[in-house]
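> Quick check, what structure comes out for this input:
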Amino acid sequence: MNKKIPSLVGAGIGLALFLAIALLPALLYGGYAGLLLAGGIVGTPVEPTFLVRALIVFGMVLGVTAVGSLFAVMGAAAGAAVGAITSVASKRPVAQEQAGR
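A predicted model of the protein is given here:
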C-alpha cells in the first residue's frame, strides 16, 4: 500500500473544508490586515489610490494563502495519522498468523 495516499486524501479534505468554512473569513481578515498595513504606510485617512488597493489585495491573498496552507497541512497530518492507525490495526503479529495456520 502506498503510504502517501492517506496524506493526499487528508490534504484534499482539508482544502475542501477550507473552501467551505474559511475562505470568506480569510479574505475578510486578510483585507483588514492589508488596510492596517496601508494605513501604516500612507497615513490613516486612507485614500483609495492604487498603492492602497494593491496593499489590501496583497493582504487578502496572503490571508487566503496562509489559512489555506494551514488547512492543507493539518488535513495531511490528520490523514497520515489515520493511515498510520489503520495500517497498524490491520497488521497482525507474526505469531498470531503462524498459530492461525
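
> what's the spacing between the residue sitting nearest the centre point of the chain and residue 64?
Note on the chain: the residue nearest the mean C-alpha position is residue 71, at 2.0 Å, using CA atoms, centre = their mean. Going from residue 71 to residue 64 by CB to CB, to the nearest Å gives 11 Å. Using the backbone N, CA and C atoms, a C-beta is placed for each residue, glycine as well.

> Then residue 78?
Counting by CB to CB, the gap from residue 78 to residue 64 is 21 Å.

> residues touching residue 6, list them.
79-80, 82-84, 86 (CB atoms under 8 Å, 6 or more residues apart in numbering).

> mind redoing it with 6 Å?
Residues near residue 6 by CB atoms under 6 Å, 6 or more residues apart in numbering: 79-80, 82-83.

> Save these as a markdown table, and put in pLDDT too.
Listed next are those as a markdown table, based on pLDDT from 0 to 100:
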| residue | pLDDT |
| --- | --- |
| 79 | 94 |
| 80 | 93 |
| 82 | 92 |
| 83 | 90 |
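
> Pick out the most distant pair among these.
Spatial extent of these (CB to CB) is set by the pair 80 and 82 at 7.5 Å.

> more neighbours, the two?
residue 80 (18 against 14; other CB atoms under 10 Å).

> Spell out the secondary structure type for the more buried one.
helix (DSSP: H, G, I helix; E, B strand; the rest coil).
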